[in-house]
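*Asks:* Sequence below, structure please.
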Amino acid sequence: MQDFAYEPVYDGAGCQLTVTILADRDPVRGEMRADAEGAGFRVLECCGLDEFGSGAIGALGDLVLVDCTGMDAQAMALLSRLDVRAAKSGAQLVVSTIMESLDVVFGCFTISPAQILVDPGRADRVIAIGRVLASVPNLRLRELSETDRLMLLRLTEQVGRVAQRVEGLSAQVFAGRTADGGAFRFEAARQTFRGEGDEPGTRARDTAPQLPPAEAIRKLIHHRQMRSNFFDAELFADPAWDILLDLAAARAERQQVSVSSLCIAAGVPATTALRWIGQMVEADLLLRIPDPHDRRRAHIALADKTADSMARYFAAIGLVAAGEAVAA
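*Replies:* Sure, this is the predicted structure:
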């Protein structure tokens, strides 16, 4: 990994940014500290979760780096407290975990916009720290050397590709932008054929199609997955669409979908899938639904208008619900 020698970073008021580091694994905690200090943060606290949770939680750093693998009741309580404190203080959370603990960790963060990383490498954490720095207004940094510029360019190429795919999805599927400038927009229902006696201005939404049977959607998903038997799977990586298809099938089955299951369905690394899920929740494409039987967990589902758009898409390609027919 490139050794960046950054000067301290300051906010618009001239105060150096601070970091709180919480990790039970000594090697990981050491890496987190080195990366945070290398990025210019001043360390407020660097200790294990139990040690931090045993005392009164004082002021958090501008950035809070957490590494948690085993999730017992004490760890869950600490994460939930951090969620509330970060939301009130404006601290940025970057939380690393493992796939087995993802659902529980995801359920702990309901208020703050935490970045959740799954089985991350060191580069993943560096990128997450970079995303935090990018969100700090009036950030003061030293002038970067040409080597640093090239390295940062390589690190941000993937983020750029994700942004382009989001914009492409907006243009191709939802045809525009929301009033608030978001990347997603739902196309208004278009006026359709009006038979004799029908009221003028009747719109397609009045007779919105239903989702097709789950078996038909699962078959479509299976056909998409079969491409990887003949081509490199990365050629067809489309996590947003795979997420929508999986949730459409689950809705047709009246099944709930956990975030870990949805990450698997997305066909990309779990950390990447989580970024897509988060962005789609923010764009009101998806809903985060607390589990009524277990407040520690949350499920993901299609928003009603998303389900409506998916049903119209399926109808347009001839995949319709039982008893429905597609007009020629």
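
*Asks:* So residue 274 is in contact with residue 262, correct?
*Replies:* No: the pair residue 274 / residue 262 is not scored as a contact, 9.2 Å apart, by CB atoms under 8 Å. The C-beta positions use only the backbone N, C-alpha and C, and glycine is treated the same way.

*Asks:* Any idea how many residues pack against residue 279?
*Replies:* 18 (other CB atoms under 10 Å).

*Asks:* got a list of contacts for the helix or strand hosting it?
*Replies:* Element membership for residue 279, per DSSP states H and E: helix 270-282. By CB atoms under 8 Å, 6 or more residues apart in numbering, the list of residues contacting helix 270-282 from outside reads 99, 102, 106, 113, 116-120, 124, 162, 166, 182-184, 239-240, 243, 259-260, 262-264, 266, 268, 286-288, 300.

*Asks:* what comes up buried for it?
*Replies:* Using 16 or more other CB atoms under 10 Å as the test for burial, helix 270-282 gives 270, 271, 272, 273, 274, 275, 276, 277, 278, 279, 280.

*Asks:* for stretch 257-267, same thing?
*Replies:* 257, 258, 259, 260, 261, 262, 263, 265, 266, 267.

*Asks:* element containing the fourth one?
*Replies:* To tie it back to what came earlier, the one meant is residue 260. In this assignment (DSSP H and E), residue 260 forms part of helix 259-266.

*Asks:* That helix to helix 270-282, inter-axis angle?
*Replies:* What separates the directions of helix 259-266 and helix 270-282 is an angle of 100 degrees, with axes from the mean of the first three to the mean of the last three CA atoms, to 10 degrees.

*Asks:* So what's the gap between helix 259-266 and the chain middle?
*Replies:* The offset between the C-alpha centroid of helix 259-266 and the centroid of the whole chain comes to 11 Å, using CA atoms, centre = their mean, to the nearest Å.

*Asks:* Restricted to helices, list the contacts of helix 270-282.
*Replies:* If you go by DSSP state H, those have 102, 106, 124, 162, 166, 239-240, 243, 259-260, 262-264, 266 in helices.

*Asks:* that older thread, distance from the chain centre to the helix holding residue 279, please.
*Replies:* The answer for helix 270-282 is 2 Å, by CA atoms, centre = their mean.

*Asks:* same thing with stretch 288-302?
*Replies:* Distance of stretch 288-302 from the chain centroid (CA atoms, centre = their mean) equals 16 Å.

*Asks:* and if you look at stretch 114-128?
*Replies:* The chain centre lies 12 Å from the centre of stretch 114-128; the measure is CA atoms, centre = their mean.

*Asks:* All further residue positions should be reported with the first residue as 36.
*Replies:* Yes, from this point I'll number from 36; that puts the last item at stretch 149-163.

*Asks:* Can you give me the end-to-end span of that stretch?
*Replies:* Criterion CA to CA, to the nearest Å; first-to-last residue distance in stretch 149-163 is 10 Å.

*Asks:* Give me the buried positions along stretch 110-121.
*Replies:* Buried residues in stretch 110-121, counted by 16+ other CB under 10 Å: 110, 111, 113, 114, 115, 117, 118, 120, 121.

*Asks:* Check what contacts it and list those residues.
*Replies:* 84, 87-88, 92, 95, 99, 101, 103, 126-128, 130, 139-140, 143-147, 149, 331.

*Asks:* let's see it at 7 Å
*Replies:* 84, 88, 92, 95, 99, 103, 128, 139-140, 143-147, 331 (CB atoms under 7 Å, 6 or more residues apart in numbering).

*Asks:* before we move on, what about stretch 43-63?
*Replies:* 64, 67-68, 71, 74-84, 87, 95-102, 168, 171-176.

*Asks:* Next step: the residues you listed restricted to helices.
*Replies:* Judged by DSSP H, the contacts of stretch 43-63 include 64, 67, 68, 71, 84, 87, 168 as members of helices.

*Asks:* those strands in the stretch 86-235 of the chain, which residues are they?
*Replies:* Under the criterion DSSP state E, counting those that start in this stretch, the stretch 86-235 of the chain contains strands at 98-102, 127-132, 150-153.

*Asks:* Okay then, goodbye and thanks.
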